[in-house]
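Asker: sequence and computational prediction follow.
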Amino acid sequence: MTDRIKRIYTRKNIEPMIQEPSMFNINERFGFIKNTIEMVSGGFQNSSIICGSGGLGKSYTVVNTLIEQGYENISSDLGLVAADFPEYKLFRVISGYSTPKALYKTLYDNRNSVVVFDDCDAVLKDATAVNLLKAALDSSENRIISWGSSIKDESLPSTFKFEGRVIFISNMNMMSIDQAIRSRSMTIDVSMTLAEKLERMTGILESGSFLPEHEMEHKVDALELITRLASNVKELTMRSLVQVTNIRAANVSGDWRELSTYVLCG
C-alpha cells in the first residue's frame, strides 16, 4: 500500500505541484516542532512559536509531544491553578480571545508550568500583552512580570516571578508577530504550499496512526481523489482527508467520488 501512496505523486498532472521551496520538507519541519517542544518542556528554551497553515497537525503535535514528555494537560480543569502544584509537570492550553489582564492572570496562575496559546492571536497583537510576554520570555535568570496600574483582583500581586514556559501556536505569518517576541522564542514555520499539504497528508497516512478504525485502502482512495482535485478544493486540511475517508468507508448509495467532490469543491 505504501508503494501505491508514493505512485500518487508520480503522475504528470501532479508533478509540477511538488517542487520543494525549502531545504527541509514539510514532514521534517513537523519533526522540528517536536524537537522544539522537547526543548521547551525540558527547560532548555523559554518559548517557542509554531506558525503556518491551519488544520494539518500543529496543535496535535505540540500537545502530544508535551504528553510524551510526561506533562499532564489540565486545560479542561478550569478550577485547578497549576502554580499550586509546582511538583507536577502541568500544561494548560488557552484558545480564543484574551485581554491583557486575563493574560496577566494566566501567567500568574501558571507561573511554574507550560502555557500553550493556541490560536489566541490577541496576545500577540496587543501592545500591553506583548510587553507582559516580553518580560515572561526574557532570557535573564529572574523574569519579573509587573502590572503597573491597580489590580482589582486581590488574589493577584502587582509583581511576580515567572518561571514557566510559553508556546504559541498561530496561523499568522511569522513576520507579522512582534520582533521582540520572535527574538525571544525558537520559531518553527510550517506554512505550506498546496503540494506540501498533500505531502503532509501522505506522511500522516504512512505513519499508521491516522484513523486506525478505517481500512488503509479506503484512506489511500481518499488521498488519491483529494490529490486529483487539490487545486479546486475550497479548504485543504486534514479534515478534508477525514471527510472523504468517512464517505469512502460508509458505502453510501451512488458514487462516493461524486459526493466527495461536491463536499470538497462545492
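Answerer: Looks like it arrived, so ask away. Numbering: from 1, shown residues only.

Asker: rounded mean pLDDT for stretch 187-205, please.
Answerer: Computed over stretch 187-205, the mean pLDDT rounds to 90.

Asker: can you pull the contacts of the closest residue to residue 91 other than its chain neighbours?
Answerer: Leaving aside its chain neighbours, residue 91 sits nearest to residue 114 (3.9 Å; criterion: Cβ to Cβ, 6 or more residues apart in numbering). Every C-beta, even on glycine, is put in place using the N, C-alpha and C of the backbone. If a contact means Cβ atoms under 8 Å, 6 or more residues apart in numbering, then residue 114 has 40-41, 66, 71, 90-92, 164-167 as its contacts.

Asker: let me see the residues that make contact with stretch 33-48.
Answerer: Contacts to stretch 33-48, defined as Cβ under 8 Å, 6+ apart, come from residues 50, 58, 61-62, 65-66, 69, 71, 89, 114, 136-139, 143, 165-168, 181, 184-188, 190.

Asker: give me the neighbour count for residue 76.
Answerer: The number of residues packed near residue 76 is 8, by other Cβ atoms under 10 Å.

Asker: got it, and the one 3 residues further on?
Answerer: Other residues near residue 79 come to 5 when the count uses other Cβ under 10 Å.

Asker: confidence score at it?
Answerer: Listed pLDDT for residue 79 reads 87.

Asker: that one and residue 109: what is the separation?
Answerer: For residue 79, the distance to residue 109 (Cβ to Cβ, to the nearest Å) stands at 11 Å.

Asker: and the strands in the stretch 151-266 of the chain, which stretches?
Answerer: Counting by DSSP state E, counting those that start in this stretch, residue ranges of the strands within the stretch 151-266 of the chain are 159-161, 165-170, 186-190.

Asker: so which of the contacts of residue 114 wins on neighbours?
Answerer: For the contacts of residue 114, neighbours were counted using other Cβ under 10 Å, and residue 167 has the most, 27 neighbours in all.

Asker: how about it, nearest residue that isn't a chain neighbour?
Answerer: residue 116 (4.6 Å).
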